[in-house]
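[1] With the input below, show me the fold.
(one chain, ligands or ions: 1)
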Amino acid sequence: MTTDAGRRPFIAGNWKMNLDHLQGIALVQKLAWTLKDAGFDRGSVEIAVFPPFTDIRSVQTLIDADDHALAYGAQDLSPHDSGAYTGDVSGQFLAALGCTYVLIGHSERRTGHGETDEVVNAKVLAAVRHGLVPVICVGETEAELEEHGTSAVPVAQTRAALAGVAPGTPVVIAYEPVWAIGTGKVATPETAQQVGAAIRGAVQEVLGADDAAATRILYGGSVKSGNIAGFMRQPDVDGALVGGASLDPAEFAGIARFPQHLGV
Ligand code: PEP
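    Sure, this is the predicted structure:
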């Protein structure tokens, strides 16, 4: 399926710093079996997992060997391509492991690792250099929401993240209100739509109307199988970035099977 605007829905699972490579293999196997048992149509919704770096090779091997309908990516990358950057992981290495995507600017990196808009932008450009699709996370804290209102911070972060990106470059933007991540508090679908539309406007300013129309915008923040349908009904929400619930294969599969809840 596609959204009314022709964008393929995208459900992404951010495992964060959970699951070693053996546990990661078990989760991917259970997820794939659950989707298969449920008769999941692999063309209908794109599903991606974002394991820790140390799991990626194992996840790649399993997905390739069993031809599972799953994409995968990393949770971060270095802004540099190679050299004396101890502990960093180059986009080149991620591309060599078959990653399609890479998360950039997750709030846990912005707040826990001091990642500024400039660092996020440098990482976006690094991802693009290596043919990875950046999944750029934007979102406001509760204090920023009170001070600046809805949309201002995510729009500013989107503009900053896309500086220097050439039109025609595929990107995904995930709107994740910081106050909703891992808290059980969820934005309303109407708020997600309002911010999604504003982000699309920012993409249009930087990359043009065609790219804005093609760009998938996700909502993230305490998404579950029981609340995904409300978000997916919104014209400017094309999927979800899922944290905690992506660690439960049955729950994550339930989120990916949202078209059933929509009756489409
Ligand atoms: C996330 O980590 O990006 C996230 C949205 O987490 P959760 O679904 O647990 O709120």
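
[2] Got phi/psi on residue 178?
    phi -60, psi -30 (degrees, to the nearest 10).

[3] Would you check that it makes contact with residue 107?
    Yes: using Cβ atoms under 8 Å, residue 178 is in contact with residue 107, at 4.6 Å. For the C-beta atoms, the positions are set from N, CA and C on the backbone; glycine is no exception.

[4] can you list residues touching both of these two?
    residue 139 (Cβ atoms under 8 Å, 6 or more residues apart in numbering).

[5] what does this structure put close to the ligand?
    For the chain, the residues found near the ligand under the criterion Cβ under 6 Å from any ligand atom are 14, 16, 176, 181-182, 220-223, 241-245.

[6] Quick one: buried ones out of those residues?
    Neighbour-count burial (16 or more other Cβ atoms under 10 Å) is assigned, among the residues of the chain next to the ligand, to 14, 16, 176, 181, 220-223, 241-245.

[7] Return the member of those residues nearest to residue 230.
    residue 223 (10.0 Å; Cβ to Cβ).

[8] ok, and the closest non-adjacent residue to that closest one?
    residue 240 (4.5 Å; Cβ to Cβ, 6 or more residues apart in numbering).

[9] just checking, what packs against the helix or strand hosting the one you found?
    If you go by DSSP states H and E, residue 240 is part of strand 239-242. Helices and strands touching strand 239-242, by 3 or more Cβ pairs under 8 Å, 6 or more residues apart in numbering; DSSP states H and E, are strand 10-14, strand 216-220, helix 228-232, helix 249-256.

[10] Starting from the second one, tell me which strands it pairs with and how they run.
    The reference is to strand 216-220. Strand 216-220 pairs in its sheet with strand 172-175 (parallel), strand 239-242 (parallel), by DSSP bridges.

[11] what comes into contact with it?
    7-10, 12, 14, 135, 137, 139, 172-176, 180-181, 187, 192, 196, 199-200, 231, 236-243.

[12] Now which of those residues would you call buried?
    Neighbour counting by 16+ other Cβ under 10 Å classes 7, 9-10, 12, 14, 135, 137, 139, 172-176, 180-181, 187, 192, 196, 199-200, 231, 236-243 among the contacts of strand 216-220 as buried.

[13] rewinding a little: out of the residues of the chain next to the ligand, which comes closest to residue 30?
    Distance to residue 30, by Cβ to Cβ, is smallest for residue 245 among these, at 14.0 Å.
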